[in-house]
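> Predicted model, plus sequence, below.
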Amino acid sequence: MKKSILLTSFDTWLEDQESNSSDDLLLEVTKLDSLPFNLHFLRLLPVDTKLASSLVMAKIEENYPDHIICCGMAASRKKLSVEVCASRGESLLHTTIDVAQLLIGATATEISNDCGKFVCEGLYYSVLEYLGQNQLSTRCIFIHVPILNQENLMEILHDFLLIINNLALL
C-alpha cells in the first residue's frame, strides 16, 4: 500500500512578495508524475496560526496521512532546514522522527532547532500537539525552505524528494 503524505505550504504575507518559497517548492513537486506515494497538498495556507492549524487538522481528519511535511519560507537561510522541535511559551514539542536518519544522503539540508517565532512555529507546534492529544500514528516534520533560484532549485528539490522517500521508508 502506498504511503500517504500531506504536504503544506504558506501564502505570502508581505505586499512585495511575488511568492512563498515553500509553495514554490510544492509546486515543483506537483509537476512530478513518478512519485510512488499518495501525496495530498494543502497549499497557500493563510499566514495565521489558528486558521492555518485548523485547515491542516481538517485535512488530517479527511485523509489520515502516514506523514505530514509542513513547509514554510526562511528567506535568510541558504539550505532546507528540517526543524526538530517547536515551542509555545515554556512548552517544547519534538518530532517523533529521527531527523538525522531522515537526512542521510542530503547535501542541501541542515537540522535546525530554531523554528522561529512566526506562524511556522505556531503551526508546527499545533500539529504536533494535535497528533499527540489524539494519539495518532501520523508523524510530522517542518521544513523551512530558502528562496529558490536557478542556482539552488535542483539541489533543493533533490533533497526534498530524498526526504519524502526516506520518510516513506520509516
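Received the coordinates, thanks. Numbers count the residues shown, from 1 in each chain.
> Let's verify the residue nearest in space to the middle of the chain: helix, strand, or coil?
The chain has C70 as the residue nearest its centroid, 2.3 Å off, counting by CA atoms, centre = their mean. Secondary structure, DSSP: H, G, I helix; E, B strand; the rest coil: C70 is strand.
> Check the contact between it and T8; I expect there is one.
Yes: counting by CB atoms under 8 Å, T8 is a contact partner of C70 at 4.7 Å. In this view, the C-beta of every residue, glycine as well, is placed from N, C-alpha and C.
> hey, what's in contact with both of those two?
56, 123 (CB atoms under 8 Å, 6 or more residues apart in numbering).
> picking that back up, quick check: the gap between the residue nearest to the centre of the chain and N63.
Between C70 and N63 the computed distance is 14 Å (CB to CB, to the nearest Å).
> same question, P46
Distance of P46 to N63, computed by CB to CB: 20 Å.
> can you confirm A106 is in a strand?
No: read with three-state DSSP, A106 is coil and lies in no strand.
> Next, give phi and psi for the residue nearest to E110 when sequence neighbours are not counted.
Among residues not flanking E110 along the chain, K79 sits closest, at 5.0 Å (CB to CB, 6 or more residues apart in numbering). For K79, the backbone dihedrals (degrees, to the nearest 10) come out as phi -120, psi 170.
> Surely K79 touches L103?
No: contact between K79 and L103 fails when scored by CB under 8 Å: they sit 10.6 Å apart.
> Now do the shared contacts for those two.
T109.
> Check which residues of stretch 76-86 are buried.
Neighbour counts over stretch 76-86 (16 or more other CB atoms under 10 Å) mark 77, 79-86 as buried.
> any low-confidence regions in the protein?
Residue ranges of the chain with pLDDT under 70: 1.
> which residues are in contact with the longest helix seen in it?
The longest helix of the chain (DSSP state H) is helix 153-169. Residues outside helix 153-169 that contact it (CB under 8 Å, 6+ apart): 3, 5, 25, 28-29, 32, 35-37, 66-67, 69, 79-80, 82, 97, 101-109, 139, 141, 143, 145-146, 148.
> ok, Y124 - contacts?
70, 83, 86, 115, 140, 142.
> Quick check: phi and psi at it.
With angles defined as degrees, to the nearest 10, Y124 sits at phi -60, psi -50.
> likewise the one 10 residues further on?
Dihedral pair for N134: phi -100, psi 10, per degrees, to the nearest 10.
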